[in-house]
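Q: pasting the structure only:
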């Protein structure tokens, strides 16, 4: 039973679900309504693909959304474009009450592939990425929102993405160390690219803004693959993490059953 949007008995975290990947046979607004009716927070990706007025009137509570429309972290021209569209995104986030705005190492196309792949991440790219993130942290402080940098796996889903590993994202976030800039730690991507998930969570704990999950392989709900999310949930609870956990995965079958499995995996009491 839910005890408030995103909160369930025995679950020490607030649970969210991506409307981009769940109830996919329904129109976008109906997906949001179904997730909200089930008691979860709602996540969206590119806000330009949504009817913002309808979302604002839906009474759903949102956890995160994509925090830019165009641009890149690691080159000057891309950074300026990223900041400009981040400002547009902040205005939408404030209208919807979205607290976290998601970022990636570079802009992604509709197929999830980097618009500008990187075969090598140079020192100059690290410096530019740090400068861009500092500017985003300033914007976040000004607007009262948090930008979160997400790790993405290169071997399966996002070949050529720069700053894709959780360790790289964490290094950038920790070097800046601002409350308005945090890590979106995606454990599905981390399992493919790095593994050792509980220790990774422990190392990243001071800088985590949100955790996203899906099982490997297949990117479906917990219990469909190799990741023991019940153990991870207990580990997170023991570390004292009480923040949001978002299911960014497909339903292996019935979406309602997938949401039940997600909730059960993160129930620790």
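A: On my side now, so go ahead. Remember, it's a predicted structure, so these values are computed and weren't measured experimentally.

Q: doesn't residue 80 fall inside a helix?
A: Yes. Counting by DSSP: H, G, I helix; E, B strand; the rest coil, residue 80 is located in a helix.

Q: Residue 71 is in contact with that one, correct?
A: Yes. Shown here, residue 80 and residue 71 form a contact pair, counting by Cβ atoms under 8 Å, at 7.4 Å. In this view, the C-beta of every residue, glycine as well, is placed from N, C-alpha and C.

Q: what's the burial count for the closest residue to residue 97 other than its chain neighbours?
A: Of all residues beyond its chain neighbours, the one nearest residue 97 is residue 62 (6.2 Å), with distances taken as Cβ to Cβ, 6 or more residues apart in numbering. Summarising burial for residue 62: neighbours were counted as other Cβ atoms under 10 Å, giving 23.

Q: what residues are up against residue 62?
A: When contacts are counted by Cβ atoms under 8 Å, 6 or more residues apart in numbering, residue 62 is found next to 41-44, 55, 96-99.

Q: Show the pLDDT at it.
A: Residue 62 is assigned 98 on the pLDDT scale.

Q: So in terms of bridging, what pairs with it?
A: Bridge pairing for residue 62 (DSSP bridges) gives the partners residue 42.

Q: Counting neighbours, go ahead and name the busier of residue 80 and residue 71.
A: Per other Cβ under 10 Å, whichever of residue 80 and residue 71 has more neighbours is residue 71, with 21 against 14.

Q: tell me the SS of the residue nearest to the spatial centre of the chain?
A: Within the chain, one residue has its C-alpha closest to the average C-alpha position: by Cα atoms, centre = their mean, that is residue 184, at 4.9 Å. Put simply, residue 184 is strand when judged by three-state DSSP.

Q: My guess is it contacts residue 210. True?
A: Yes. Because the distance of 5.3 Å satisfies Cβ under 8 Å, residue 184 is recorded as touching residue 210.

Q: Between the two, which contacts overlap?
A: With contacts defined as Cβ under 8 Å, 6+ apart, the residues shared by residue 184 and residue 210 are 64, 100, 148.

Q: List the backbone torsions phi and psi for the first one.
A: For residue 64, the backbone dihedrals (degrees, to the nearest 10) come out as phi -160, psi 160.

Q: quick one: contacts for residue 184?
A: Going by Cβ under 8 Å, 6+ apart, residue 184 touches 64, 100, 102-103, 148-151, 209-212.

Q: If I look at the residue lying closest to residue 269 once chain neighbours are set aside, what pLDDT would I see?
A: The shortest distance from residue 269 to any non-neighbouring residue, by Cβ to Cβ, 6+ apart, is to residue 10 (4.3 Å). Taken from the predicted model, the pLDDT recorded for residue 10 is 97.

Q: since we're on residue 10, how many residues are nearby?
A: Residue 10 has 12 neighbouring residues, counting by other Cβ under 10 Å.

Q: does it really touch residue 268, like I thought?
A: Yes. Residue 10 is within contact range of residue 268, at 6.5 Å (criterion: Cβ under 8 Å).

Q: Look up how far residue 209 lies from residue 99.
A: Using Cβ to Cβ, to the nearest Å, one gets 9 Å for the distance from residue 99 to residue 209.

Q: if we take the contacts of residue 62, which one ends up nearest to residue 89?
A: Of all the contacts of residue 62, residue 98 has the smallest distance to residue 89: 9.0 Å, by Cβ to Cβ.

Q: excluding its backbone neighbours, what's nearest that closest one?
A: Closest to residue 98 by Cβ to Cβ, 6+ apart is residue 62, at 4.4 Å.

Q: What segments of the stretch 1-150 of the chain are strands?
A: Listed in chain order, the strands found in the stretch 1-150 of the chain under DSSP state E, counting those that start in this stretch are 14-18, 41-43, 62-66, 100-103, 146-150.

Q: With distance to residue 189 added, can I get those in a markdown table?
A: Conversion of the strands of the stretch 1-150 of the chain to a markdown table gives the following (distance: least, Cβ to Cβ, whole Å):
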| stretch | distance to residue 189 |
| --- | --- |
| strand 14-18 | 14 |
| strand 41-43 | 15 |
| strand 62-66 | 15 |
| strand 100-103 | 13 |
| strand 146-150 | 8 |
